[in-house]
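Novice: Sequence below, structure please.
(chains A and B)
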Amino acid sequence: MKSGVGKYEAVIGLEVHAQMLTDTKIFCGCSTKFGSEPNTQTCPVCIGMPGVLPVLNKKAVEFAIKTGLAMNCKISPYSRFSRKNYFYPDLPKGYQISQYDLPICEGGYIEVVVDGKVKRIGITRIHMEEDAGKNIHEGGGNYSFVDLNRAGIPLMEIVSEPDIRSPKEAAEYMKKLRTILRYLGVCDGNMEQGSLRCDANVSIRPVGQKEYGTRTEVKNINSFKFVEKALEYEIKRQIKVVEEGGRVIQETRLWDSNKGITESMRGKEEAHDYRYFPEPDLVPITAGQEWIDEIRIKLPELPDAKRERFVSEYGIPEYDADLLTSEKAVAEWFEEAVRLGGGPKAVSNWMMGELMRLLNEENKGIEECPLKPIQLVDMLKLIDNGTISGKIAKTVFEEMYKSGKDAGQIVEEKGLVQISDAVEIEKTIDEILAKSQKEVERYKAGDEKLVGFFVGQVMKATKGKANPQMVNELLKKKLG
Amino acid sequence: MKLNELTISELRRLLDNREIKPQEVLDDIYSRIDAVEDKVKSYITITKDAAYEMAKDAEHAILENKTSFLTGIPVAVKDNMCTKDILTTCASKILYNFKPPYESTVTTRLKEQGYILTGKTNLDEFAMGSSTENSGFHTTRNPWDMKRVPGGSSGGSAAAVAADECIAAIGSDTGGSIRQPASLCGVVGLKPTYGRVSRFGLIAFASSLDQVGPITKNVTDAAIMLNAIAGHDPKDSTSAPIDVPDFAEVLGQEIKGLKIGIPKEYFIEGMDKDVEDSVRSAIKKLESLGVIPVEVSLPHAGYAVATYYILATSEASSNLARYDGVKYGFRSSSQSGKEDLLEMYMNTRSQGFGTEVKRRIMLGTYALSAGYYDAYYKKGQQVRTLIKQDFDNAFKNVDVIVTPTSPSAAFKIGEKATDPLQMYLSDIFTISVNLAGVPAISIPCGFTKDNLPVGLQIIGKHFDEESIFKLAYAYEQSTEWHLRRPSL
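Specialist: So this is what the prediction gives:
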């Protein structure tokens, strides 16, 4: 009988909260801007003063429908808000307005690729709700501060089916979700800032067993890199509990990224009875087919479709297409460069190599890229027409990126024009060969690898400007 | 005659003809308040200085011939309507110091029509009660008999109108809170259709039942007041986006042939004999005016009170959760300096809310709890649908329905205060109307042997306040009950 990790499989479902990128809050006109002074983006409605009423932000509904459509969900023609009742200082009304029994979207899926295999992960539902404020524990006294700037910012809760079977699948699911949300422009997907939050329901069961095991809910996974780590830890923990003859307790556990473990919340949050009931201050949401169709038509091309098109239309490898479509702005940069005459594979190589390296060094996204696609295309032309070598191009590229100058200007200013003059190259070759009698003899004795040495010497002497192809040809001719 | 004893329409004529000034009306109002308020205790807050400021604006408007429905008319407002920078307590200790930084839509509209706020009137705490005995501050007296209650929860508003301490008043009605006190004080009180008047700035008791409406000295004034406050409000999603007719225009229209439904379930055993007699003669009177009485049935009427006390308390338990001592209003002062959050919540709410409010929060919390939701809240919603259907069915055959407003005239202070169930039953005829969302008015229709007013309730179809006004006005014109005034 098998024992240990291989004997079990994990069953994971994710509940993802995504802050919507609306300009104003979900039930009032306050701004949603991040990082303002505490309690400056509030009004009687989001502070929960007596007698005020919520008014639904239509944009939030549109965003939720957009997301539902992108994730292959059914859009409910009739949905409604409910109240989730509990006391907490960051919840000004003593209830959160959320969707409960009739959410806006149900029954969808997204596809992820794990170990080369496509896996479909079901979306149970997507619903809208308002965010809570923040309690700030500062000053050390017997008190806390409350900041209600965040209270009322619209959230979508995207609930997956328990279809995920490994931490890696979970991470891929999160990445895909984030990509789609960013493509749609409905969420910025920033886990560190909390605009994308992930809670995981995790259980284990012996391989082959149909029934689910007892699950725990892991909260506070506040970074992309912790999705896999937190789940790996929790799965191992549960296996250990079971292997040692114990039983997994249904509970909420907090991921502690410093310790790298999950810890039981232990009664800090007792089993709540949220006493949900339909929100009487709002009328039900009716989403007519006409409105849904209008939103559907305006959906952007989604990452999966774009990836397939990049492969078929531009003939670039699957791997390239995958990377280039991971961000809408990256894909747009690529297509712009190709539209301006850049060869797809060359553009892809430069983007995935040098461009990404330089952006990553500065921790920048493509939106902040100082380089325009036309600049890359112009540089590629200089390579194609032999003005510069591929090697020199790397220097030119970095200079373009840093100075903002065009390739032609850099090549001119720095005298980087490729030497394609056979006479000049021959002259250099002759000098090198004359200085390297020993190597010439070894070469002639059959050590053909040495051709690389001669090429290197010539390039060094010409500061990399000699046309490498011509150097190769002329060397072979001279060496017989 | 003192100016404070006049109606809106009478004052309108005098003011527009510049025979009197708004300040003179206020002078009479406040001397009346000075004379009787100690006994009646209609008000929680009297806004005399602000009122004279508003009177100046009214005077200017009159001089420039730019008057509206209510220019210069002194109106009292129930203290659960938010008035900017003016104390708004809901008659609760938990809001003893609360001054809203915003104005309710209803008082905004009254302002736009030029009204003058006389003060904020007493109520049962959070509008929960039928006598004002649940006020966190004091009990209002019935101007007809100081030993008796004015009804509730808008008892302060009804008493202020009956005692001529204002010309008209604003109340709110969740289960009868405008109509029952109007009936007990011998004045007119209208609960409009749910959605007719904005609830923005009305401190919520039960959101799906609450509605704001006028309490006035006669039917004409009620129509004028409704004209001022009705209509869709973008700040209240449940306010109906439909046109508002001119309600004053239907007054005096022919009522011959109008079919009035008499629900057999409403003439029950145990109803006060004098009340029944008054209502039956009122129906006879209407018959003599040419209307056709038709017996109708509202078969689920018997479940209305139970249904109401499940649904209203459920919503209330949630609506009142915001009073937690964190943001505004009362917060229990720390005893040891070491209370944790939970203790702060519990102390604040234990000390801040009165007995009846706590009782209802507990009832509602229970009805919504896991395991009880289906048996209580959900069942309540289903019965509510049946009650609404009762009205829909009845209205297939009749134009309006006529009933007593309250099963008894004003009861004695303390008589029902210790028996919540008896108190709840005083709204037995008014509660169904809120559950169905239809409009209804209470108008004076007689007096008991003890000289206590009796009210007649006229219920209309959804958004058909016009039929109610038409009938109520015709009845009023043919009787003199509304002209009687208490001797204080």
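
Novice: so which residue of chain B comes closest to chain A?
Specialist: Distance from chain A to each residue of chain B (Cβ to the nearest Cβ) is smallest for B:A321, at 2.4 Å. Backbone N, C-alpha and C define where each C-beta goes, glycine included.

Novice: Neighbours of the residue lying closest to that residue once chain neighbours are set aside, how many?
Specialist: Spatially, and ignoring its direct neighbours in sequence, B:A321 is nearest to A:G94 (2.4 Å; Cβ to Cβ, 6 or more residues apart in numbering or on different chains). Residues within reach of A:G94, counting by other Cβ atoms under 10 Å in any protein chain shown, total 21.

Novice: go on, the one 5 residues further on?
Specialist: Under the neighbour criterion other Cβ under 10 Å, A:Q99 is assigned a count of 25.

Novice: Pretty sure it sits against A:E129.
Specialist: Yes: contact criterion Cβ atoms under 8 Å: A:Q99 and A:E129 qualify, at 6.5 Å.

Novice: Can you tell me which helices and strands the lengthiest helix in chain B packs against?
Specialist: Selection of the longest helix in chain B by residue count, based on DSSP state H, yields helix B:22-40. Here helix B:22-40 touches helix B:8-16, strand B:43-46, helix B:48-63, strand B:74-78, strand B:116-121, going by 3 or more Cβ pairs under 8 Å, 6 or more residues apart in numbering or on different chains; DSSP states H and E.

Novice: What residues of that helix count as buried?
Specialist: Across helix B:22-40, burial judged by 16 or more other Cβ atoms under 10 Å in any protein chain shown covers B:22, B:25-30, B:32-33, B:36-37, B:40.

Novice: so how far is the helix or strand hosting B:V161 from its chain's centroid?
Specialist: Using DSSP states H and E, B:V161 sits within helix B:155-162. A distance of 10 Å separates the centroid of the chain from that of helix B:155-162, by Cα atoms, centre = their mean, to the nearest Å.

Novice: tilt between the helix or strand following that helix and strand B:116-121?
Specialist: For helix B:155-162, the succeeding helix or strand toward the C-terminus, using DSSP H and E, is strand B:168-173. In terms of direction (axes from the mean of the first three to the mean of the last three Cα atoms, to 10 degrees), strand B:168-173 departs from strand B:116-121 by 40 degrees.

Novice: Quick check: mean pLDDT of strand B:168-173?
Specialist: The average pLDDT for strand B:168-173 rounds to 98.

Novice: ok, it near chain A or not?
Specialist: No: Strand B:168-173 does not reach chain A (Cβ under 8 Å from any Cβ of the partner chain); its nearest approach is 10.6 Å.

Novice: which strands and helices sit next to that strand?
Specialist: Using 3+ Cβ pairs under 8 Å, 6+ apart, the elements in contact with strand B:168-173 are strand B:74-78, helix B:105-112, helix B:155-162, helix B:179-185, strand B:188-191, strand B:211-216, helix B:219-229.

Novice: how about the ones you listed in TSV, adding mean pLDDT?
Specialist: Below are the helices and strands packed on strand B:168-173 laid out as TSV (pLDDT from 0 to 100):
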stretch	mean pLDDT
strand B:74-78	98
helix B:105-112	98
helix B:155-162	98
helix B:179-185	98
strand B:188-191	98
strand B:211-216	98
helix B:219-229	98
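
Novice: in the stretch 351-488 of chain B, which segments are predicted with low confidence?
Specialist: For the stretch 351-488 of chain B, no stretch has pLDDT under 70.

Novice: Get me the contact residues on it for chain A.
Specialist: Taking Cβ under 8 Å from any Cβ as the contact definition, the stretch 351-488 of chain B meets chain A at B:365, B:368-370, B:373, B:377.

Novice: ok, 7 Å please
Specialist: For the stretch 351-488 of chain B, the contact set with chain A under Cβ under 7 Å from any Cβ of the partner chain comprises B:365, B:368-370, B:377.

Novice: Any of the residues you listed buried? List them.
Specialist: Buried subset of these (neighbour count, 16+ other Cβ under 10 Å): B:365, B:368, B:377.

Novice: helix, strand or coil for the last one?
Specialist: Think B:Y377. helix (DSSP: H, G, I helix; E, B strand; the rest coil).

Novice: Tell me who's in contact with it.
Specialist: B:Y377 is in contact with A:277, B:310, B:314, B:367-368, counting by Cβ atoms under 7 Å, 6 or more residues apart in numbering or on different chains.

Novice: quick one: pLDDT of whichever residue of chain A sits closest to chain B?
Specialist: Nearest residue of chain A to chain B: A:G94, at 2.4 Å (Cβ to the nearest Cβ). On the pLDDT scale, A:G94 is placed at 97.

Novice: B:E59 touches B:K21, doesn't it?
Specialist: Yes: when contacts are counted by Cβ atoms under 7 Å, B:E59 is listed as touching B:K21 (6.0 Å).

Novice: tell me the residue furthest from the middle of chain B?
Specialist: Distance from the C-alpha centroid of chain B peaks at B:K338, with 43.5 Å (Cα atoms, centre = their mean).

Novice: Not counting sequence-adjacent ones, nearest residue to it?
Specialist: With sequence-adjacent residues excluded and distances taken as Cβ to Cβ, 6+ apart, B:K338 is closest to A:N142, at 6.6 Å.

Novice: helix, strand or coil for that neighbour?
Specialist: coil.

Novice: Look up how far B:A321 lies from it.
Specialist: As judged by Cβ to Cβ, to the nearest Å, A:N142 and B:A321 stand 24 Å apart.

Novice: now do B:M1
Specialist: 50 Å.

Novice: In terms of neighbours, single out the busier of these two.
Specialist: More crowded of B:M1 and B:A321, by other Cβ under 10 Å: B:A321, with 23 against 7.

Novice: could you show me where the helices are in the stretch 301-450 of chain A, in order?
Specialist: Counting by DSSP state H, counting those that start in this stretch, the stretch 301-450 of chain A has helices at residues A:303-314, A:318-324, A:328-339, A:344-350, A:356-361, A:373-384, A:390-403, A:407-413, A:422-435, A:437-444.

Novice: and those as JSON lines, adding mean neighbour count?
Specialist: Listed next are the helices of the stretch 301-450 of chain A as JSON lines, based on neighbours: other Cβ atoms under 10 Å in any protein chain shown:
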{"stretch": "helix A:303-314", "mean neighbour count": "17"}
{"stretch": "helix A:318-324", "mean neighbour count": "18"}
{"stretch": "helix A:328-339", "mean neighbour count": "20"}
{"stretch": "helix A:344-350", "mean neighbour count": "20"}
{"stretch": "helix A:356-361", "mean neighbour count": "13"}
{"stretch": "helix A:373-384", "mean neighbour count": "20"}
{"stretch": "helix A:390-403", "mean neighbour count": "18"}
{"stretch": "helix A:407-413", "mean neighbour count": "17"}
{"stretch": "helix A:422-435", "mean neighbour count": "15"}
{"stretch": "helix A:437-444", "mean neighbour count": "14"}
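
Novice: Run through the stretch 51-200 of chain B and note the low-pLDDT ranges.
Specialist: For the stretch 51-200 of chain B, no range has pLDDT under 70.

Novice: Show me which residues of the stretch 251-400 of chain A sit near chain B.
Specialist: So the stretch 251-400 of chain A meets chain B at A:273, A:275, A:277, A:280-283 (Cβ under 7 Å from any Cβ).

Novice: least confident pick among these?
Specialist: Across these, the bottom pLDDT score, 92, is held by A:D273.

Novice: for chain A, longest helix please?
Specialist: Assignment by DSSP H gives helix A:224-243 as the longest helix of chain A.

Novice: can you redo the buried residues of helix B:22-40 as CSV with distance to A:I136 and pLDDT?
Specialist: What follows is those, written out as CSV (distance: Cβ to Cβ, whole Å; pLDDT from 0 to 100):
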residue, distance to A:I136, pLDDT
B:P22, 51, 98
B:V25, 53, 98
B:L26, 49, 98
B:D27, 54, 98
B:D28, 55, 98
B:I29, 50, 98
B:Y30, 49, 98
B:R32, 53, 98
B:I33, 48, 98
B:V36, 52, 98
B:E37, 47, 98
B:V40, 49, 98
